[in-house]
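Trainee: Okay, structure incoming, though there's no sequence with it:
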C-alpha cells in the first residue's frame, strides 16, 4: 500500500457507487455518475474495475469542461468519458500491472504503462489502489482520461 491510501474507505459490502460516495475524494465523480444516469448500472451489475478520477483530477480539466459535460444535451459525451474509466471484471492493482491495453466499457482500449513503481492508465496515474466494493474494485486516478472522438 502506498501512503496515498491512508484515508481510503474500503467498503466490501457497499456497491461501487456507495463506496465512491463514502470516500470524500470522489464527490465530483458521483455528481457526474448521477448526471449520466450510470448509478443504477454501477449499483446492480458488475463486477467492474473502476479507474475513478478524484476531485483533484476533475479540477485539472480545462475550465468549463466538466460544466459542459454535466449539461443534459452533452449526456452522451459524459457517459462515454465515464465508461472509458470502467473495465469489465474485477482486476486488482497487481492484475492491472500485467495488462497492456484493456477494452473499457466505452468500447475503446486504454493503454496501461508502468514507470518505476507507478502504473498509468492512459494519461492518469493510479494514486489509490484496491478499494474494494461488493460489485467491483476501485483504483483512484489523478487525471480524467478523455476517449478519442469517434
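Mentor: That came through, no problem. Just so it is clear, the structure is predicted and the values come from calculations on it, not from any experiment.

Trainee: SS state for the most centrally placed residue in the chain?
Mentor: Taking C-alpha atoms, centre = their mean, the centroid of the chain lies closest to residue 52, which sits 2.2 Å from it. Assigned by DSSP: H, G, I helix; E, B strand; the rest coil, the conformation of residue 52 is strand.

Trainee: Can you tell me the number of residues neighbouring the residue nearest to it when sequence neighbours are not counted?
Mentor: Leaving aside its chain neighbours, residue 52 sits nearest to residue 138 (5.0 Å; criterion: C-beta to C-beta, 6 or more residues apart in numbering). From N, CA and C alone the C-beta is placed, and that goes for glycine too. Residue 138 is flanked by 26 other residues according to other C-beta atoms under 10 Å.

Trainee: which outside residues touch the strand or helix carrying residue 138?
Mentor: Element membership for residue 138 (DSSP states H and E) is strand 136-141. Identification of contacts with strand 136-141 by C-beta atoms under 8 Å, 6 or more residues apart in numbering yields 4, 8, 15-16, 19-20, 25-26, 42, 46-54, 57, 85, 90-93, 96, 121, 124-132.

Trainee: ranges for the strands of this structure?
Mentor: Residue ranges of the strands in the chain, as given by DSSP state E, are 48-53, 86-88, 112-115, 118-121, 124-133, 136-141.

Trainee: Among these, show me which one is buried the most.
Mentor: strand 48-53 (a mean of 26; mean count of other C-beta atoms under 10 Å).

Trainee: Show me the shaky parts of the chain.
Mentor: Applying pLDDT under 70 to the chain flags the ranges 1-12, 150.
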